[in-house]
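**Q** the following comprises the amino acid sequence and a computationally predicted model.
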Amino acid sequence: MFKCISLIIKPSNMNYWLSPVVHPMKEANDMKKKWISLVVGLLILGIVSPGAISGDKPPNILILGAASITGDPIQINVATNGMIDILYKKTTSYIDSVFNSDTCTALRYSTAQAVAQYGHKPDAGPVLGVNGQFTYVSQTNPNSWTVINNWSTPDGVAIVQTITYTNGLKYFNIQWQVSTATSINNLKLFHGSDTFVEGDDANDELRWDPPHNLVYAKDVTHADSYIMGLYGVTPPTEHQVDTYGNMWASIASGALNNQDYRSAVDGGMALAWTRSSLSPGQTWVVDAVWIMDPAFPTSSKIPSKKIQLPSMLPLARNNLIKADILTDQANDLLSQAKEKNLDTATCEKLLNEANELIEKSKKHLANPIYANNLALQAIAKLKDTIECLKALIG
Ligand SMILES: [Ca+2]
Ligand SMILES: [Ca+2]
Ligand SMILES: [Ca+2]
């Protein structure tokens, strides 16, 4: 079932932070401090009981503002920025299988001027793009089993990540749709994960399986380890199984190393897909599948289905209607403020920016993903305008 939850429990990763097992990057002091302040904050709020952090059991760590697909045997927690945590119920309880929510995406491309790369920032890794992080536009949940995240870049590139799960299956689908306001070339999309098979970061042995376009990991300390795999429904052009640090470094530098095997380590794995060019009005669709399975996934087990493309045009139009309604509300409040001779300059600036986004969105309806992103940005700006005017009027 889908829950729009404000708090997600992250027990095993906290164990990592408190455990004496060291990894220089992951044990960074500032991260520890962050966790500690979070726990202290939650104690004050009464969300975590003091008993929860004494004794052997780690405290529950809670992360704000995420969406969760709580299926069986797979649970998928998607952070507001679209980074993913995957839990797998091997027998009776769910096993955390990703370090924090470090399943991340990055996009590289050339504009007429330069090569650009934007991406996520894993907790234990660098920003996955020389130009910085994606702009995180929105997260929506059209039903209990789907989470959609919208991102953009300053070059007018829009990315929609859609995750869907059919309850009971040992895999879930993930898809990216990329569109652009101006022509771009040499596109490369990366997706990778800091694996945490069997609930710990260590001992993950990783392989590339070319017949299935699959990178996968299993934990060598468990004879019955389940397999965690990323399968390219859209055939990938690069892959890497490695230490998680090498894997993130490769993505950040713009190329995977195609390494096929890595003996037990704190592992990570990634795939990349390429496309030579993308023009306004076109959409590049990349489909992949995350598999969690006790047995090696054979061809008959690996799904070939792609996510049905949701039509973004009705969504963009619907969001433009919402933006128009909010514009009317903002204009009403603006009139009231002006009648009272209040200084409305700051609020009006926000309103003008929103109007520019709406006009731009309307111009780009032939490119509905981009238009929808602009409409969503306009809605956010109009909400700020309304808050601004309400504060002014009092
Ligand atoms: Ca995790
Ligand atoms: Ca790992
Ligand atoms: Ca492991």
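**A** Structure received. Ligands and ions are numbered 1, 2, ... in the order given.
**Q** which of the residues in the longest helix anywhere in the chain are buried?
**A** Using DSSP state H to define each element, the chain has its longest helix at helix 312-339. Using 16 or more other Cβ atoms under 10 Å as the test for burial, helix 312-339 gives 312, 315-317, 319-320, 323, 326-327, 330, 333-334, 337. (Glycine included, C-beta is placed from N, CA and C.)
**Q** now tell me what touches stretch 367-380 from outside.
**A** The contact list for stretch 367-380 (Cβ atoms under 8 Å, 6 or more residues apart in numbering) reads 137-138, 150, 152, 156, 158, 160, 177, 179-181, 280-281, 283, 311-313, 315-316, 319-320, 322-323, 326, 354-355, 357-358, 360-362, 364-365.
**Q** buried stuff in stretch 100-118?
**A** Within stretch 100-118, the residues that count as buried by 16+ other Cβ under 10 Å are 100-109, 111, 116-118.
**Q** got a list of what the spatially closest residue to residue 207 that is not a sequence neighbour touches?
**A** Leaving aside its chain neighbours, residue 207 sits nearest to residue 261 (5.5 Å; criterion: Cβ to Cβ, 6 or more residues apart in numbering). Under the criterion of Cβ under 8 Å, 6+ apart, the contact list for residue 261 reads 206, 207, 208, 241.
**Q** mind checking the SS state of the second one?
**A** Using DSSP: H, G, I helix; E, B strand; the rest coil as the criterion, the local structure at residue 207 reads strand.
**Q** residues near it, how many?
**A** A count of neighbours around residue 207, defined by other Cβ atoms under 10 Å, yields 18.
**Q** run through the bridge partners of it.
**A** For residue 207, the beta-bridge partners are residue 216, residue 261 (DSSP bridges).
**Q** of the contacts of stretch 367-380, just the buried ones, ChimeraX syntax please.
**A** The buried subset of these, as determined by 16+ other Cβ under 10 Å, is captured in ChimeraX by this line:
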select :137,138,150,152,156,158,160,177,179,180,181,283,312,315,316,319,320,323,326,354,355,357,358,360,361,364,365
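**Q** residues from the protein in reach of ligand 3?
**A** For the chain, the residues in contact with ligand 3 (Cβ under 5 Å from the ion) are 197, 198, 200, 203, 204, 219.
**Q** against residue 199, how distant is the last one?
**A** Look at residue 219 and residue 199: by Cβ to Cβ, to the nearest Å, they are 9 Å apart.
**Q** please identify which of those two sits among more neighbours.
**A** residue 219 (25 against 20).
**Q** if I pick that one, what's in contact with it?
**A** 197, 198, 200, 203, 204, 205, 225, 264.
**Q** can you check residue 307 too?
**A** Contacts were defined as Cβ under 8 Å, 6+ apart; by that measure residue 307 touches 162, 164, 173, 175, 287.
**Q** can you pull out the strands in the stretch 101-250 of the chain?
**A** 115-119, 135-143, 146-152, 157-164, 171-180, 184-195, 204-209, 214-219, 227-232, 238-243 (DSSP state E, counting those that start in this stretch).
**Q** worst average pLDDT in the ones you listed?
**A** Lowest mean pLDDT of those: strand 135-143, a mean of 85.
**Q** packing partners for it?
**A** Counting contacts by 3 or more Cβ pairs under 8 Å, 6 or more residues apart in numbering; DSSP states H and E, strand 135-143 is packed against strand 2-5, strand 146-152, helix 368-393.
**Q** nearest to residue 169, out of these?
**A** strand 146-152 (14.1 Å; Cβ to Cβ).
**Q** hmm, who's touching that closest one?
**A** Residues from elsewhere that reach strand 146-152, judged by Cβ under 8 Å, 6+ apart: 2, 67, 69, 76, 78, 81-82, 118, 134-142, 158-165, 310, 369-370, 372-373, 376.
**Q** now, which of these lie close to ligand 2?
**A** Among these, none lies close to ligand 2 by the criterion of Cβ under 5 Å from the ion.
**Q** filter these down to the buried ones, PyMOL style.
**A** Selection of buried members from those for PyMOL, criterion 16+ other Cβ under 10 Å:
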select buried, resi 2+67+69+76+78+81+82+118+134+135+136+137+138+139+141+158+159+160+161+162+163+164+165+310+369+370+372+373+376
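**Q** need the residues of the protein near ligand 1, please.
**A** 85, 96, 98.
**Q** distance of the first one relative to residue 104?
**A** It refers to residue 85. Residue 85 is 11 Å from residue 104, where distance means Cβ to Cβ.
**Q** contacts only, for the residue nearest to residue 170 when sequence neighbours are not counted.
**A** Excluding its sequence neighbours, the residue lying closest to residue 170 (Cβ to Cβ, 6+ apart) is residue 293, at 4.6 Å. Residue 293 is in contact with 170, 171, 226, 227, 229, 301, counting by Cβ under 8 Å, 6+ apart.
**Q** follow-up on the earlier one: tell me the one among the buried residues of stretch 100-118 nearest to ligand 2.
**A** Using Cβ to the ion, residue 102 comes nearest to ligand 2 of those, at 8.0 Å.
**Q** ok, back up a step: among the contacts of residue 307, which pair sits farthest apart?
**A** Using Cβ to Cβ, the pair of the contacts of residue 307 lying farthest apart is 164 and 287, separated by 10.8 Å.
**Q** just for the chain, where's the confidence low?
**A** Applying pLDDT under 70 to the chain flags the ranges 1-65, 297-305, 308-311.
**Q** what's the domain layout of it?
**A** Per automatic domain parsing, the structural domains of the chain span 103-293, 312-393.
**Q** now the ones you listed as TSV including distance to residue 89?
**A** Formatted as TSV, those follow (distance: least, Cβ to Cβ, whole Å):
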stretch	distance to residue 89
domain 103-293	9
domain 312-393	33
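**Q** so the residue most central in space within the chain: helix, strand or coil?
**A** Closest to where the C-alpha atoms of the chain average out (Cα atoms, centre = their mean) is residue 82, at 1.8 Å. Classification of residue 82 using three-state DSSP returns coil.
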